[in-house]
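> Any chance you could fold what I've pasted below:
(chains A and B)
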Amino acid sequence: MTTITFGKAINEGLRRALADDDKVVLLGEDIGTLGGVFRITDGLKAEFGEHRVVDTPLSEAGIVGTAVGLAYRGFRPVVEIQFDGFVYPAFDQIVAQVAKLHYRSRGAVRMPLVIRIPFGGGIGAAEHHSESPEAYFTHTAGLRVIACSNPADAYVMIRQAIASDDPVVFLEPKRRYHVKGEVDLDANLADARPMGVATVVAPGRDVTLVTYGALVQTARDAATAAAEEGVSIEVIDLRSLAPVDYSTIEASVRRTGRLVVAHEAGEQGGVGAEIAASITERCFEFLEAAPVRVTGHDIPYPPAKLEQYHLPDLDRILDGVDRAMGRPNSLSEVEA
Amino acid sequence: MTPSDREATGLLTRPDDLVQLLDQSGIRHANPEFDRWIADVDTDALIALHRDMAVVRRLDAEATALQRQGELALWPPLAGQEAAQIGSARALHDDDFVFSSYREHAIAWLRGVQPHELLSVWRGAAPSGWNPFDKGMAIPQIIIGAQALHAVGWAMGAKWEGSDAASIAYFGDGATSEGDVNEAFVFAASFGAPTVFFCQNNGWAISEPVGLQSNQPLARRADGFGMPGIRVDGNDVLAVLAVTRWALDRARRGEGPSLIEAVTYRMGPHTTADDPKRYRTDDDLATWRERDPIARVHALLEASGADMEAVDADVKTAADRAAAELRAGITAIPDPEPMSVFDHVYAEPNSHLERQKERYAWYLAMFGDEDGGAR
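Just a heads-up that it's a prediction; the model follows:
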């Protein structure tokens, strides 16, 4: 075990993947000499060369589209989208090409691409630098969407994503890049928890709180705070947004009878809506209350000095828990 | 523009030149720069090019008729573009890779795609017709211009692997307005990718004339990307063959990408759902009919003393055979099984889809055998 940051864990995962398979190539803007704007690819070009770690022209569609061609040729490209809000120029290549080529070619063409996207807010960045585009991708058949929350997962899951024969949208919560944690750099992929499986990160008995990415830590803090008030929250780190590991959530909700889903992305059509609907269908008879969503507002991402009012924080999550528990909450008066 | 002009202006393209080796009357014109690229094309090879074009024209006519008869949901006819497609495809090596749009039936034919494979998509029976790696040709692209980037990525990989294979990206005049095509030019030029961009300028992007995409020859786009652009008479199979061989040779020698603008004309509709009478004139058609790509090769063969009776009989036999194969191919395409809608969405197991699939299988099973079995 070694203690490294979340960002370094991804860097080590990429290094390991590059070393293990010479068909793995990284492409992106500024990822070579600079090591990426978040330094996630730091040192990799020097170690593996400019044909393995490729600084590309400033063109998101170009990066993803050429990666499609490389996959046709048998490579396993890992592309970096510099910021979440920059992914949209590549949208067609991701949803119409990357996601569908295996289906369209009746299984002949594999698209083992990983599309790394630093996502989410909380770093006081400029506009287009703090978005949560995950629902666009979870709505697209053919893609897997992954969001890890801690260094140990980051190290293993980036390698699992690269090893997968399916395309993976790999979401990295950028405000967690500098958080440290223990990582087993000798972790064997075969022994690791599959990336499609959720993790119960804090056991509890009163309410199930499902979240992913940066909010996992906030949810854990909320569980600690709630425990002081005698409420026991079970926190689930979703890890995979498509497909969702419903068996883990179902097992939890059957015990707790209450569900809260939290995410930074807007409410409408979001991952939380999907989970709330699916859990209602699957275990309605076990629910003591309607599932609750705690989400960002349905607004364009606000300026940095306003983002604290947009992002779910510990108190908003606890308020959501209160709603699920039927305790006094922000909606009590409205609904009365 | 002469080579010295090019040096003076710094332009790599020759926008005012149209490389033509065989004019519309069937007269062969010497060309000191490009003759050497077709020096091996003797009478037999010319007969073969003529046969290829005639066969794909017949296939195209048959497919159009099959659509009219309700056997195909849609068909995008290639009529008029036989020389652009046959000439360029004959320049390819087996290990080169084609990334095409949806009208390149002649390319597919020359890459060994069987008639039923060609038709299955247009019949709505399959999401694609062939295995790309068996044919050296990606499945056709509907999204305009997206494939240009795929061609460049493939070529970058080939170059990194030390291969001398090249890729060729086919797209139309309309695609040159798309971001993907321009981004493909950037990547190809920056990485020296062994790619040939082959634009079939057929005059129309559905109803929009090429002038709406560009107010200057499309080949000139190449200059801004630092690659050579060349205009060729797209109805002249010899010129297309020569120019494509030249461009592929550059690519193989590590000199990077080129843009070919093959000036041709789509004689039919954009697809069988289109009505070109709404946007173009009979005069236009008559003008281009005089530039027919097959007739001029026929005239050249005739003038060169070939046994035209044998040539015509050979063409008829080959076209009849291909047409019969095509018609037989239609009936060989099975209606897909209902549960096959779930096939190949993912390469690896996916819990969400597996559950949905399982549920739908149960639903279908409710109907028992009355509607074709439990499936």
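
> near chain A, which residues of the stretch 1-150 of chain B show up?
B:97, B:99, B:126-128, B:131-133, B:138-139, B:143, B:146, B:148-150 (C-beta under 8 Å from any C-beta of the partner chain). (Each C-beta comes from the backbone N, C-alpha and C, glycine too.)

> most surrounded residue in the residues you listed?
With neighbours defined as other C-beta atoms under 10 Å in any protein chain shown, the most crowded of the residues of the stretch 1-150 of chain B next to chain A is residue B:148; it has 34 neighbours.

> my read: it touches residue B:197, true?
Yes - Residue B:148 is within contact range of residue B:197, at 6.5 Å (criterion: C-beta atoms under 8 Å).

> who touches both of the two?
By C-beta atoms under 8 Å, 6 or more residues apart in numbering or on different chains, residue B:148 and residue B:197 have these common neighbours: B:169, B:171, B:181, B:184-185.

> show me which of these neighbour chain A.
residue B:184.

> farthest pair in the shared contacts of residue B:148 and residue B:197?
The most widely separated members of the shared contacts of residue B:148 and residue B:197 are B:171 and B:185, with 11.3 Å between them, by C-beta to C-beta.

> Overlap in contacts, the two.
Common neighbours of residue B:171 and residue B:185 (criterion: C-beta under 8 Å, 6+ apart): B:148, B:197.

> Do a quick rundown of the strands in chain B.
B:97-99, B:167-172, B:195-201, B:204-205, B:208-209, B:229-233, B:258-263 (DSSP state E).

> Make JSON lines from those and add mean pLDDT and distance to residue A:60 to it.
Converted to JSON lines, those look like this (pLDDT from 0 to 100; distance: least, C-beta to C-beta, whole Å):
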{"stretch": "strand B:97-99", "mean pLDDT": "98", "distance to residue A:60": "20"}
{"stretch": "strand B:167-172", "mean pLDDT": "98", "distance to residue A:60": "19"}
{"stretch": "strand B:195-201", "mean pLDDT": "98", "distance to residue A:60": "20"}
{"stretch": "strand B:204-205", "mean pLDDT": "94", "distance to residue A:60": "25"}
{"stretch": "strand B:208-209", "mean pLDDT": "94", "distance to residue A:60": "27"}
{"stretch": "strand B:229-233", "mean pLDDT": "96", "distance to residue A:60": "26"}
{"stretch": "strand B:258-263", "mean pLDDT": "98", "distance to residue A:60": "23"}
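
> Look up the closest residue to the residue of the stretch 1-150 of chain B found nearest chain A, ignoring the ones flanking it.
In the stretch 1-150 of chain B, the residue that lies nearest chain A is residue B:149 (2.7 Å; C-beta to the nearest C-beta). The shortest distance from residue B:149 to any non-neighbouring residue, by C-beta to C-beta, 6 or more residues apart in numbering or on different chains, is to residue A:65 (2.7 Å).

> Now name the helix or strand holding that neighbour.
helix A:60-72 (DSSP states H and E).

> Check which helices and strands that helix sits against.
strand A:24-28, strand A:76-80, helix B:146-160, helix B:179-191 (3 or more C-beta pairs under 8 Å, 6 or more residues apart in numbering or on different chains; DSSP states H and E).

> same thing but at 6 Å, please
strand A:76-80, helix B:146-160, helix B:179-191 (3 or more C-beta pairs under 6 Å, 6 or more residues apart in numbering or on different chains; DSSP states H and E).

> closest one to residue A:123 among these?
strand A:76-80 (17.0 Å).

> ok, residue A:302 touching residue A:309?
No - judged on C-beta atoms under 6 Å, residue A:302 makes no contact with residue A:309 at a distance of 7.2 Å.

> what about the two, which has more around it?
Neighbour totals were compared for residue A:302 and residue A:309, and residue A:302 leads with 17 against 12 (other C-beta under 10 Å).

> if we can go back for a sec, including mean pLDDT and distance to residue B:347, could the helices and strands packed on helix A:60-72 go into JSON lines?
Compiled in JSON lines, the helices and strands packed on helix A:60-72 are given as follows (pLDDT from 0 to 100; distance: least, C-beta to C-beta, whole Å):
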{"stretch": "strand A:76-80", "mean pLDDT": "98", "distance to residue B:347": "12"}
{"stretch": "helix B:146-160", "mean pLDDT": "98", "distance to residue B:347": "18"}
{"stretch": "helix B:179-191", "mean pLDDT": "98", "distance to residue B:347": "25"}
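
> Can you say which of these is packed in most?
Stretch with highest mean neighbour count among the helices and strands packed on helix A:60-72: helix B:146-160 (a mean of 29; mean count of other C-beta atoms under 10 Å in any protein chain shown).

> Residues touching stretch B:48-64, excluding its own?
With contact meaning C-beta atoms under 6 Å, 6 or more residues apart in numbering or on different chains, stretch B:48-64 is reached by B:75, B:77-79, B:82, B:86, B:106, B:109, B:237, B:294, B:297, B:315, B:318-319, B:322-323, B:326.

> Quick one: residues contacting the closest residue to residue A:90 other than its chain neighbours.
Spatially, and ignoring its direct neighbours in sequence, residue A:90 is nearest to residue A:60 (3.9 Å; C-beta to C-beta, 6+ apart). Listed by C-beta under 6 Å, 6+ apart, the contact set of residue A:60 reads A:86, A:89-90.

> Scan these and report the most crowded one.
residue A:90 (25 neighbours).

> Surely it is within a helix?
Yes - membership of residue A:90 in a helix is supported by DSSP: H, G, I helix; E, B strand; the rest coil.

> my guess is it meets residue A:64, correct?
Yes - applying C-beta under 6 Å, one finds residue A:90 in contact with residue A:64, separated by 4.3 Å.

> So residue B:103 is in contact with residue B:77, correct?
No - under the contact definition of C-beta under 6 Å, residue B:103 does not touch residue B:77, with a separation of 7.7 Å.

> looking at the chain, which helix or strand is least sure?
Defaulting to chain A. Every helix and strand in chain A was compared by mean pLDDT, DSSP states H and E; the lowest is helix A:332-335, with a mean of 77.

> The chain in question should be chain B.
Lowest-scoring helix/strand for chain B, mean pLDDT, DSSP H and E: helix B:3-9, at a mean of 49.

> so is residue A:265 in a helix, a strand, or just coil?
Following three-state DSSP, the label given to residue A:265 is strand.

> which one is it nearest to, not counting chain neighbours?
Closest to residue A:265 by C-beta to C-beta, 6+ apart is residue A:132, at 3.5 Å.

> what's the spacing between the closest residue to chain B within the stretch 1-150 of chain A and residue B:148?
For the stretch 1-150 of chain A, the residue closest to chain B is residue A:69, as judged by C-beta to the nearest C-beta, at 2.3 Å. Per C-beta to C-beta, to the nearest Å, residue A:69 is found 9 Å from residue B:148.

> how about the closest residue to chain B within the stretch 201-336 of chain A, what does it touch?
Using C-beta to the nearest C-beta, residue A:243 is the residue of the stretch 201-336 of chain A that sits closest to chain B, at 3.6 Å. By C-beta under 6 Å, 6+ apart, residue A:243 lies in contact with B:350-352.

> Among those residues, which lie within helices?
In helices, judged by DSSP state H, the following of the contacts of residue A:243 are found: B:351-352.
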